[in-house]
Structure formats: structure tokens, C-alpha cells
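Trainee: From the sequence below, what's the structure:
(2 chains)
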2 protein chains.
Amino acid sequence: MNPRIGEIRDSDTILKKAHVLFEPEGKKITVTQGTSIFDAANRSGIKIRSECGGEGVCAKCIVIVSDLSSVSPPTGFEEERIGKKEMMKGRRLACLTKILSDLRIQIPKESRIGKRRIQVEGYERSFEIDPSVVKIPIHVEMPTLEDLRSDIERVLEATAKQGIMIKQFDHQVLRNLSSTLRKSSGKVLAVIRKRTELIEVEEGGSSLSTLGFAVDVGTSKIVATLVDLKTGRNLASGFVENPQMIFGEDVISRISYAMENSSKLKELQSAFIDGTEEAMDIALKEAGASREEVYELVIVGNTAMHHLFLGINPKWLALAPYVPTIKRSLEMKAQDLGLKMRESARVHIPPVIAGFVGSDAVADLLTLKLHDSNQTSLALDIGTNTEVFLARDKQVLTCSCASGPAFEGVHITDGMKAVSGAIERLKIDDNGEVTYITIDEEKPRGICGSGVIDLVASLLIRNFVERSGRFISPEKSERIQRRNGVLEYLIEEGKNTETGQDIVFTQSDLRAIQLAKAAIRTGWKIMLEESDVNPSDLDAIWLAGAFGNFLDPKNAREIGLVPDVNDKKIFFAGNAALSGAKISLVSLEERERMDVIARETKYVELGAHRRFNEVFTSSLSF
Amino acid sequence: MNPRIGEIRDSDTILKKAHVLFEPEGKKITVTQGTSIFDAANRSGIKIRSECGGEGVCAKCIVIVSDLSSVSPPTGFEEERIGKKEMMKGRRLACLTKILSDLRIQIPKESRIGKRRIQVEGYERSFEIDPSVVKIPIHVEMPTLEDLRSDIERVLEATAKQGIMIKQFDHQVLRNLSSTLRKSSGKVLAVIRKRTELIEVEEGGSSLSTLGFAVDVGTSKIVATLVDLKTGRNLASGFVENPQMIFGEDVISRISYAMENSSKLKELQSAFIDGTEEAMDIALKEAGASREEVYELVIVGNTAMHHLFLGINPKWLALAPYVPTIKRSLEMKAQDLGLKMRESARVHIPPVIAGFVGSDAVADLLTLKLHDSNQTSLALDIGTNTEVFLARDKQVLTCSCASGPAFEGVHITDGMKAVSGAIERLKIDDNGEVTYITIDEEKPRGICGSGVIDLVASLLIRNFVERSGRFISPEKSERIQRRNGVLEYLIEEGKNTETGQDIVFTQSDLRAIQLAKAAIRTGWKIMLEESDVNPSDLDAIWLAGAFGNFLDPKNAREIGLVPDVNDKKIFFAGNAALSGAKISLVSLEERERMDVIARETKYVELGAHRRFNEVFTSSLSF
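Mentor: Numbering: from 1, shown residues only, chains lettered A, B, ... in the order given. Got it, this is the predicted structure:
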């Protein structure tokens, strides 16, 4: 049936529209009938929690609709995950529910991507300040009829007099060069990068600072630290949730999304740009500075993030043998990436090691100097993917463990990220009494990674859980209860929680933690074996990652997450990746060191290791 | 008096609009009352003739308005140049006349920038084909679990196997690299530039040609020749009036315009982009090719054009000591200049020699090989600025003569460019009868440069004009007449012309030609003196420039434009600058040669030369 021209014009006749109001924001949007609530929220800039990227798998995107007759009928999956009773009250999964006519939609607190506690600081070691970008005052001679050299030649002569031999400059340097020279009677500032590139010539009286940003693009967050390039001092930090989160919480969901077509890849790339600019602006505002003063960025991230922010299709990172398109370091204009910054601003992208060991890992290694130490050390950067490093005799082995997001509260019944209201520390005393601390001291909403580790350790210590990972029968504690035939531990009753629902930890939650722990344990066990190192040989264990500093090392050891060593040998490196990015921002020598580190670190593909299955199986029990 | 909000909103109340219809195009535009007709035409894309850039000086922008009451009252200058009677018929100067209410405006033929006869071909010498951009088939190995190198490393290995060591690649090469490799099972085409830069990797089955453009950006025209980079063959050429023409016909007007503010500089730069794309598209259409197949451009032009198309403020080229911002050659992405082309397409900008000796002159020298010849040669590239080259013992001297646009018909009463209806050849026989040929054999509308040279030579030969440049009294020929007290020569009566007006050549026209000739003659005389060369020592005189091939060498010699040598020693090089650009597009060695040429050519600043005044005075008489 071909619609006639007249019908096409009147698009409302064919593609009917519906008006949606999101609450509590009060945001309005008009969408085509049949659009999912998830897509509509996405388009209106409202961030709904999702781990699967809106694929109807994770069941985290619960919303409350004002009118059940204005949306598509419930699916079996929703009934199973939400329950008929809750559905009658309007609760639906945003990704599976289609808008049929005008309605109001409420997004409950637990479905929002909230403000997170972010690990900005990392272990800071000493290093020499020798920034890539410097401003040098020069005195350029003015032309005469006897000296007809071009203006740029005079500039190059003046920089040469300062011992700087320029080998490269962009044509954009030339735009206002002649006017700038004359306005300042030849007394100008040459902005030099990497000792040999002229990136700008500024008027002598310019009062612009010389600032830079170290940026860590994580799967779930983007952190940007503003640095004074002259002094190497951190001025401020800003962080945002990675806006790519709405396309899926984990790396694989985002790679799948990017693979669909090139416009989706662009969507992810511009989400990165938006997030980075937002994080930078937060830091700039705090420091009272402007984007105009920023001359260089060093951006690190895991290899998937690295490919996505460069606009490289990451498809092949998800398929064996998982090779990156590029490993070596790269440089470009900030504007070429799409960042709205001064024309001369540049981006340095440190190298990556492998498909699942990115430039954040190289930055970790730069911070920790494992290649330069005589110690035998193990380092773990714990996250959705956990990087394991083992250093012995200045040789470093690395592997990546698919630990999954369980330690970040994902796939845990009442798990949540480290945001307000999350139980972050927990203890079960001799009498079986539970005490805990929540973030921001709010009423508890759920439990985050460090809380889960404390909980599991306590359950083991109190013998509520067997070393095999099985809950013992309920008689041991009144908090152990059976719901729908499954055992669970009651952390807090509904009457004391924010949501009015019990906060529990189930047998399957325990299994998820067990698997995550086993993945990480397998990683370091194989690294130790490959290097012929016993846990007792270890001089140090470094724990890095956002979650590092909030961890109780005793409990981490109790559940087998780290080798059995003396507490004194366990060190926290915090956001070591961000520290490394900052070091390479303000020290050219250290920056070049990263290329050596990436080349000299030996990568072991865990999935292909002959001992993998055996070690993994033995790593499961606590 | 502060307008209230309500008043500001209703912009029609404060800034009244007028509707204008341009004829014969039938183009409509709405402008704010008070806008000049010149600006209105400009905005609607209609090109009105102007030498002064709309400054109310040249009086070439005559238009006919439908209603005198709809425009501003006449100025004294208009009355003087157009005459009261003509003004009553609606004739006005577009730049001085402001639109007050709705009206129709007719643009007469003589005020239009018409289609021109363009010198596309230049002298073509032989050279070895060795293009900068080549496509090499390579076979890239696929990764395995045992070989986890990144995809780009594999590509570099494969090119190395072909003897090509890549030192540089842009991050944009990486975007689809991994997918391209897998789609083609590793059998791909590496697009290499300058032997060491990888600019793209294409699927093995790609059927794209490898094309390039040689572009000559003249003050008044842009010519683009499409070249097959593989064979070096010219496929087609396109030319357009330089769209910057509407901002002034000569270089100085445009520099003045650009100096006003940065948005005017941008206007000029984007006019260049538009013109270049238009010229390219004409050639591409003729050759049945697409912009997607174009990988490189070589663009030459005088130094002012060079600065303008790079977006460099050309202000200081117009002020002593006239030094360029840059002389050396430059390279950039075509997209960085604003050209809508494939991402990998690059632009090469050859070097310039001085503020008034541009890359077009370097291209002339490359074509003519003056540095490589044992001959003693003089070369002239005649235009608004005329470049003079003198070669002796492989040493080349150059200078620029401010010859002005008289030879292009500007500042000549009935002068015009070499477009349809221009008298291009002319003879006065023994009986004083005038015979002439017009371009396209149309009814005469005026006289162009080659016609003027024929005319002046004939007037001298027939003794109608003294060697001092003074018309003899009318009795010598009935065509010599006195109008408003000034002598003039009647070329054609109004009854036989297109416009119905007489075509004449006045005493002041003769003075303009005399000055232009003297400027050029001073240039080569000083060059000869500086090199200690007599005219009789010259082995060759090369005449280049659009106007070259249409010139009668005998007449040029007669009026003293060129030294007195045997006809056989005079050669036409046509558009030697475009030929040179093309040579450097398809031969890397020749391209590098241009840098040497620019450095080794000795520039003489004529204005500062001690002998200038003396030689100029002696060069005035014919």
C-alpha cells in the first residue's frame, strides 16, 4: 500500500506521536508511538540504569508508568522479574515497554544512575617535571628592506637562539602570526611541544596559564584532573558517569552497540566527547580556569574505551584472538577528536598492551615502576576487567581476568555502585549482630563492592557459609532465610531501608562473587606459576582501581581475592592509572617510558593458557 | 531611546525590509532597508563587476533600477561618471545606491563578470612520472592466538615487505582498518604518500582511480587540471572566475577587505574554497570522475592568494617591507583547508619567493627549468603583477613589477577582459582602415589586452601617436577626435557595437598602457643590468601568463614591452604556473626541486632599487 504524497506530509496520520513526561525531572518529549521508554528517556537526556544496553536482559531499568493502557502489554520476562503485583502498580522494564499514547513515567531512585563516590587520587610517586608543552618568551627581529625573510623564519631563528630547534609546525600557527609579532613588537611567547614542535605564537603580554588534563576514561566513569604544566601541581578534578553507560554498562554491550553501524559508533564517540568535556569543565570551574588555557590532554583507558574514543570500530576486540587495531601511542589535535578546545591543543594517547590490557594498565605500570624495581611484586587493578601484573627481576607479566562487574554491585540482588546509601563497610559480630556504614550516612539502599567483600568474609568467619560457597542451613542464624526455596542472608529489614524492601544477599549472589574472585585468583595464580614465584616470595601486593582504598585487606585475603601475605605487604595505589596519565602529562621522559613499558610487558592470554581450567576450578572455593 | 522588548521582537518595525528582484536572473532577495545594491547582489550570488571592491571608486558596477524613488538619492560621483541623462533612465552605481523599498534591478551585460577565455594549457616539458600518492597492493597476515600484534603493525610489516618504510600515519587511517583487512582477507591496497606516509587502507577490490588536481589560483580566475596520478595524463580542466572578485578585482583591494576583520578574511578564504571546488567539479564532470577519487592537490598562486587560501591575514604583504608570513612549502589535509573531499586527501602548497613573487612564479621556474639551463634567458609572467626572471649561468634573478591591470582591460575606457565580444586582434592599414577580430565573433563590446597592444603598436607605426605617448592632432586621421577637450581614437562606431556606444581609446588610456609597459620594462631592464646582460646576449625570451599566447610578439616589441630581439627567440609558455603545479603533482623529485628553486632565486625589491626612478622615467616613451 503506497501512501499518497498528501498522507506522507501529514506525518501524524501515519506515524502517530505520543507525549511523555518524565518525573521527577518534569522533562517532556514527543516520540513516535511504539518507541520504548528506554529510548525515549535516552533521547531526553535522562539516564536510566542498564547493564545490558536496553536488550531486555538485566532487569535493572524499572520505571513506573502512570497508565498501563498507554503502554504495550507485559512480557513474560517482566512478570518473572518484577512480579504481577508490582506490575499492577505500574512497574515495568523501560527497555521492554513501548509507548502507545500520552503518559507520565516516573523513574525510581534505584533505576537512576546516581552520583558516585569516585577514586580520584592515586599513589603519587616523585618524578622530574619536564612538561611536553612549554611557553618560551622570544624576541623576534622585525623585517627590513635588507632582511626580507618571512615572519616564520624569524620566529624559528629566535627559538633557535634559545636552543630550541623547531622541526614541525602546523599551518594554523601562521594565521595571525604576522599581526601578533607586530602587536608585540617581536616580543612574543612561543608555545613549544615536545621540544621540536611550534604549536602557537602568543602575544608577549598574554596572561593565559599553561594547563593540561590527565583523563582516565573508565567503562563506567570519566575522571579528569587539571594540572598546571609549569609546576606539575594538580589544580582540581572533575568526574562524570561515562555517558556511554546508557548504551550498556559493560564493555561487551558497548562493543555490540558500536558494531551495529557507523552512526552508533559515532554516538558512542560523541558520548565520550561530551563526558570528557563535562568532567573537564567541572575541574576548570573549581580551579577558576578556562578551556582556552588547556594545551594538552593525556587520555588513558582500557582498550575498548581507547578504540571508541578514537572512533575506531572495536568489533575485533570482542572476537578471538582479540587484537587491537593499534597498540602504539598516538597524537592528534584535540579538535580532530571533536573536543571543543583551542586550535593548538593536542591529545597524547599512550600505548595499549593487548585487547584487554589498555593504556590505563600501562599508566598503572608507569606509576608503580614495576619495571624499575628489584622487588618481586604483584599488582591488581580491579574492575569489570581486572588487570594482573607480576614483576620479578624487572620483567613484568600481565594478563586480564574477566572478573565481571559483581564487585561493582552488578548481578547482585541488592548490589549497587558506590553511591549514596550503599553499605560500604560491614561486620557481623560474635552474636550474629550486623553493623554497617553507608555512603553519605544515608538510609541503606543496597550494598556495594567493599561491603560485599566484608559480608562474604564475615559469613565465612562466622561459618554461615561453607568454604565451598554453600549457605549452611537456617538454624545457624535467624538472618539466614529461605525465599522461593533459595537461601539468603538478611542484611537489613525493609522497615530500616530507603526502599522499604529487605536488603538481602542470596546464594546466587554468593556464587557471582565466588566466580569473580575465582577469575582474579586464577589470574594471579597463573602469573605466579609462569614466573615461578610463591606467595611468600612477594615483597609487595599493590591494589589499584577505584575500589582499592575502600577495601579491607584482611577480608580480601579471607575470601582469597589476594594471596596470603602479611598485611604490611599490601599497599593501595588508588587510581594509579590517572596518576600515570598525569605523570606522562608533565614529564616527557616518563611519557616516552610508557612506550617502552608497553613493549616490554609480556602479555599472557589467559583463555588460551593450558592451565586455565584446572586453576580456575581450584580457585572457586573460599 | 531604549526600545522595549516587544519592539525588538518585531524586527520589521525597526529594521524595515525590502524585497529585491534581480533581472534577468529573476533572483529574489529580502534585505534590510539601507543595504547597497552591490551588497544585495553579492548576497544573492550575482556577480557584479567591480575593481574597487564596492568602494565607490571604479564606477564599473552600473545597474539599472526600476524605480528611482525606491533608492537613495544620486551622489555627485555618480552624476559625474554616469551623467544626469543616463541616471534619469535608472542607471546607478550599485555600490553607492542604497535600497529603500521594494524594486527590480537589472544588471546590464557590461556590468557582469562574463565567461572568459582562459589559458589552461601551458608549455609542457618532459619529466619522469613519480607521483606523491600511489596505491600498492599488499597482503596482510591475519592474527592468531600465537601472533597478537595489532592490525596496524601487520600492515606496516606488509608494506615493509614491498620496500616501503612507513614513518607516519594519521589516526583516521585506523577507523575502519580492522574491518577492511578482514573483509578483504588481508589483501588490501595501501595508499602511500611521499613514500613514507600511509594515508589510507582500501579494500582489495576497490575500483577507485588515483587522481589529483593541479590548481592555479589567480587573482581573477581559478583553474584546476585533473590528472591521473598513475600515468601523469591530464584528464580535464575546469576554470571559474575567482569568487573573491566581488570583493575587489585587484590584490590590494582584497587585502584591504581582509584586513577589516577576521570574518572578512574568512569570507575570502571560503570564496576560494567555493571557487576551487567549482573548478574541480567542472573538470571531474567532464572526465566522468568523482571527488572521492582525488587524493592530492597542488595549489599555486601569487603570495596574496597563497596567504588568503591558507587563511593567513595578508595585511603585511601590502605594507613595506612586504614580507610573507611564510615562504617555505606546506602540507595539510584538504579538509583542514575546508575542502569537502575524502578524509585522506592532502594539499601540497609549494613555496613562495617574496611578498609579490608567489608559488605561481616558482611553478613557472620549475616548468621553464631556468636554473638548469646554460642559456641566458628572460621570462615574463604578465598579469596585474608581472614577474620578471633573468637567468644567466644557472643563476636566476627575479623581481615583481606593479604593472597594474591595464593589460587586462581595467582602467581603460572601453577596456574589458578577454571575454565574448572583446576585440582581441586589431590592425590599422595604410589607409587608416581598422580591422579587428572579436572573441566568439560577437559584436564588439570593448577591447582586451592583446587588442590594446595591437592598437598601440598600430597607432605608433601609423604615426598617430608620438613616441612620447602623445596623440597627434586630429587632422592626421578622421578617427582621432576630441571629446570634452581630450583626444581619443575611435575604434568602432556605436552603430556597430553591442552596447550602441562608440568604442574609443583615449589619451588617458594610452597613458595607462604607457605606465604599465614602463613598469614591466623597468623590471627587465634592471634585471639585465644586475646580471650584466645585454638584450643581444639573450638566447630566449619566455612569455607566460594567461595573455601570453594571444599576444603578437612583433607588436609587443614595437611598444617596448619586451627587449628588441629576433622573433625566433620569443617563446610562449602559456599557463606555465599551472604546468609547474602539474609537474610537482606527479613527480616527487620535481616537487622537491621547487624548494631549491625558491631558495636559490635571488629576489630584487624593485621599489628599493637605487636605479628604479631613472630607469622607469627612461622606460616611459615607446
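Trainee: ok, now which ones touch the one residue in the stretch 401-550 of chain A that gets nearest to chain B?
Mentor: Using CB to the nearest CB, the single residue of the stretch 401-550 of chain A nearest to chain B is residue A:526, 15.6 Å away. Backbone N, C-alpha and C define where each C-beta goes, glycine included. Taking CB atoms under 8 Å, 6 or more residues apart in numbering or on different chains, we find residue A:526 in contact with A:399, A:604, A:606, A:609, A:611-612, A:615.
Trainee: Make CSV out of those residues and add secondary structure, pLDDT and neighbour count.
Mentor: Output for the contacts of residue A:526, formatted as CSV (DSSP: H, G, I helix; E, B strand; the rest coil; pLDDT from 0 to 100; neighbours: other CB atoms under 10 Å in any protein chain shown):
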residue, secondary structure, pLDDT, neighbour count
A:399, strand, 97, 25
A:604, coil, 95, 19
A:606, helix, 92, 21
A:609, coil, 92, 17
A:611, coil, 95, 14
A:612, helix, 95, 15
A:615, helix, 96, 18
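Trainee: Do you have the strands of the stretch 501-622 of chain A handy? List them.
Mentor: For the stretch 501-622 of chain A, strands defined by DSSP state E, counting those that start in this stretch occupy the ranges A:503-506, A:540-544, A:570-574, A:602-603.
Trainee: pLDDT below threshold where in chain A?
Mentor: Across chain A, the ranges flagged by pLDDT under 70 are A:1-15, A:24-26, A:45, A:113-121, A:546-549.
Trainee: What residues does the stretch 301-450 of chain A have near chain B?
Mentor: When proximity is defined as CB under 8 Å from any CB of the partner chain, the stretch 301-450 of chain A approaches chain B at A:310-313, A:315-316, A:320-328, A:330, A:332, A:336, A:354-355.
Trainee: Just the ones in strands from those, please.
Mentor: A:330, A:332 (DSSP state E).
Trainee: out of the residues of the stretch 301-450 of chain A next to chain B, which are buried?
Mentor: Listed as buried from those are A:310-313, A:315-316, A:321-328, A:330, A:332, A:336, A:354-355; burial here means 16 or more other CB atoms under 10 Å in any protein chain shown.
Trainee: where do the helices sit along the stretch 201-350 of chain A?
Mentor: A:251-260, A:262-287, A:303-309, A:334-337 (DSSP state H, counting those that start in this stretch).
Trainee: Burial-wise, tell me which of these comes out on top.
Mentor: helix A:303-309 (a mean of 28; mean count of other CB atoms under 10 Å in any protein chain shown).
Trainee: Pull the residues that contact that helix.
Mentor: Outside helix A:303-309, the residues touching it (CB under 8 Å, 6+ apart) are A:217-219, A:244, A:251, A:254-255, A:258, A:265, A:268-269, A:272-273, A:276, A:299-301, A:313-314, A:317, A:324-325, A:337, A:349, A:352, A:354-359.
Trainee: about what we covered before: closest to residue B:363 out of the helices of the stretch 201-350 of chain A?
Mentor: helix A:334-337 (30.7 Å; CB to CB).
Trainee: who does the closest one touch, helix- and strand-wise?
Mentor: Contacts defined by 3 or more CB pairs under 8 Å, 6 or more residues apart in numbering or on different chains; DSSP states H and E place helix A:334-337 against strand A:346-349.
Trainee: same for the strand it packs on, what does it pack against?
Mentor: Short answer (3+ CB pairs under 8 Å, 6+ apart): strand A:346-349 packs on strand A:294-301, strand A:330-333, helix A:334-337.
Trainee: which residues touch the residue in the stretch 351-500 of chain A that chain B sits nearest to?
Mentor: As assessed by CB to the nearest CB, chain B sits closest to residue A:354 within the stretch 351-500 of chain A, at 6.3 Å. Residue A:354 is in contact with A:303, A:322-324, A:327, A:398, A:400, A:603, A:605, B:148, counting by CB under 8 Å, 6+ apart.
Trainee: possible to save those residues as TSV with distance to residue A:408?
Mentor: Converted to TSV, the contacts of residue A:354 look like this (distance: CB to CB, whole Å):
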residue	distance to residue A:408
A:303	19
A:322	22
A:323	27
A:324	24
A:327	27
A:398	21
A:400	16
A:603	24
A:605	24
B:148	28
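Trainee: Out of the residues you listed, which two sit at the greatest distance?
Mentor: Farthest pair in the contacts of residue A:354, by CB to CB: A:323 and A:398, 15.6 Å.
Trainee: can you tell me how far residue A:103 sits from residue A:82?
Mentor: Remark: distance between residue A:103 and residue A:82 (CB to CB, to the nearest Å) = 18 Å.
Trainee: Spatially nearest residue to residue A:489 (excluding sequence neighbours)?
Mentor: residue A:505 (4.7 Å; CB to CB, 6 or more residues apart in numbering or on different chains).
Trainee: distance of the one you found from residue A:409?
Mentor: Residue A:505 sits 11 Å away from residue A:409, going by CB to CB.
Trainee: Residue A:486 too?
Mentor: For residue A:486, the distance to residue A:409 - CB to CB - is 19 Å.
Trainee: which of these two has more neighbours?
Mentor: Taking neighbours as other CB atoms under 10 Å in any protein chain shown, residue A:486 and residue A:409 compare with residue A:409 leading, 20 against 11.
Trainee: tell me which residues form a beta bridge with the closest residue to that one other than its chain neighbours?
Mentor: In this structure, residue A:409 finds its nearest non-sequential neighbour in residue A:415, 3.3 Å apart by CB to CB, 6+ apart. Assessed by DSSP bridges, residue A:415 has beta-bridge partners residue A:447.
Trainee: Could you pull up the residues touching residue A:415?
Mentor: With CB under 8 Å, 6+ apart, residue A:415 has these contacts: A:406, A:408-409, A:446-448, A:452, A:509.
Trainee: Closest one to residue B:370 out of the residues you listed, please.
Mentor: Using CB to CB, the contacts of residue A:415 come closest to residue B:370 at residue A:408, 72.8 Å.
Trainee: tell me the contacts of the closest one?
Mentor: Counting by CB under 8 Å, 6+ apart, residue A:408 has contacts A:220, A:383-384, A:415, A:417, A:448-449, A:547.
Trainee: Also residue A:17?
Mentor: Residue A:17 sits next to A:30-33 when contact means CB under 8 Å, 6+ apart.
Trainee: can you give me the helices in the stretch 401-550 of chain A?
Mentor: Using DSSP H, counting those that start in this stretch, the helices assigned to the stretch 401-550 of chain A run over residues A:449-461, A:507-531.
Trainee: most tightly surrounded among those?
Mentor: Sorting the helices of the stretch 401-550 of chain A by mean neighbours (by mean count of other CB under 10 Å), the first place falls to helix A:449-461, with a mean of 24.
Trainee: just to revisit the earlier point, state the distance from the residue of the stretch 401-550 of chain A closest to chain B to residue A:611.
Mentor: To residue A:611, residue A:526 is 6 Å away according to CB to CB.
Trainee: can I see the domain layout of chain A?
Mentor: As recorded under automatic domain parsing, the domains making up chain A are A:5-111, A:133-203, A:213-349, A:359-405+A:514-619, A:413-502.
Trainee: Out of those, flag the one nearest residue B:177.
Mentor: Residue B:177 lies closest to domain A:213-349 among the domains of chain A, at 5.3 Å (CB to CB).
Trainee: and that closest one, how far apart are its ends?
Mentor: 12 Å (CA to CA, to the nearest Å).
Trainee: Could you do stretch A:100-112 as well?
Mentor: Across stretch A:100-112, first to last residue, CA to CA, it's 23 Å.
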